[in-house]
Each structure stands twice: as structure tokens, then as C-alpha cells.
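In: got a sequence here, can you model it:
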Amino acid sequence: MESNARLKQAFGRILLKLREEKAVSQKEVADNCNLERAYVSRLERGLLQPTITTLFKLAEYFELQPGEIVNQVYSSLKRRK
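Out: You can find the predicted model right below:
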């Protein structure tokens with residue numbers, strides 16, 4: 001099992017990558033997902049981890065299935081071992 005800190009950091013890297021690929025700001029993500037911009041920032045920096053509700057909101061915004069984001073996080077962790 002991965003440490004909580006590694007999971008948060010991996011999720012943050014994936015969220016940042018998705019946001020940069022879509023070329024949108026943290027504010028745009030936050031506004032479209034009904035989140036605070038600072039919360040999105042803390043997620044990206046690996047300081048927080050999302051709730052399942054937040055994961056679903058982000059997946060919908062990025063036009064992905066929630067499992068696709070989880071799989072990207074999982075793959076990221078496996079590459080970094």
C-alpha cells in the first residue's frame with residue numbers, strides 16, 4: 001500500500017497535467033467544479049487528497065471516467081518505484 005503522502009502527490013501531478021493539457025487555470029477548474037481555487041491549488045501541490053465527490057466532479061470536467069484518473073495515479077506511482 002502506498003503512503004498517503006505519495007498518493008496525494010501523485011494525484012496532484014495528474015491533476016496538474018490534466019489542467020495543463022486542457023490549458024485552463026486553477027480558477028476555471030474550480031469554478032466549473034464548484035470548488036475553491038485554493039483547494040485546487042492544494043490538491044495539485046499534493047497537500048490534500050480529493051473526496052470521492054471531488055474526484056467525480058473533476059473527472060466530469062476533464063471528460064474522463066473517475067477510474068481513468070485513478071488509473072493514471074496508479075500508473076504514476078508504479079513508474080516512480
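
In: so the spatially most central residue of the chain: helix, strand or coil?
Out: Central residue of the chain (CA atoms, centre = their mean): residue 15, 3.3 Å from the mean position. At residue 15 the chain is in helix, as set by DSSP: H, G, I helix; E, B strand; the rest coil.

In: next: the one 3 residues further on.
Out: Following three-state DSSP, the label given to residue 18 is helix.

In: and if you look at the one 10 residues further on?
Out: The three-state label given to residue 28 by three-state DSSP is helix.

In: any idea how far it lies from residue 44?
Out: 13 Å (CB to CB, to the nearest Å). Backbone N, C-alpha and C define where each C-beta goes, glycine included.

In: more neighbours: those two, which one.
Out: residue 44 (21 against 15; other CB atoms under 10 Å).

In: ok, the more buried one - contacts?
Out: 12, 15-16, 19, 26 (CB atoms under 8 Å, 6 or more residues apart in numbering).

In: so it versus residue 13, what's the distance?
Out: Distance check for residue 44 against residue 13: by CB to CB, it reads 8 Å.

In: for residue 32, same thing?
Out: Taking CB to CB, one finds residue 32 at 21 Å from residue 13.

In: next one: residue 7
Out: Distance of residue 7 to residue 13, computed by CB to CB: 11 Å.

In: now the helices for this protein?
Out: Remark: helices assigned in the chain by DSSP state H are 4-22, 26-33, 37-44, 52-61, 66-79.
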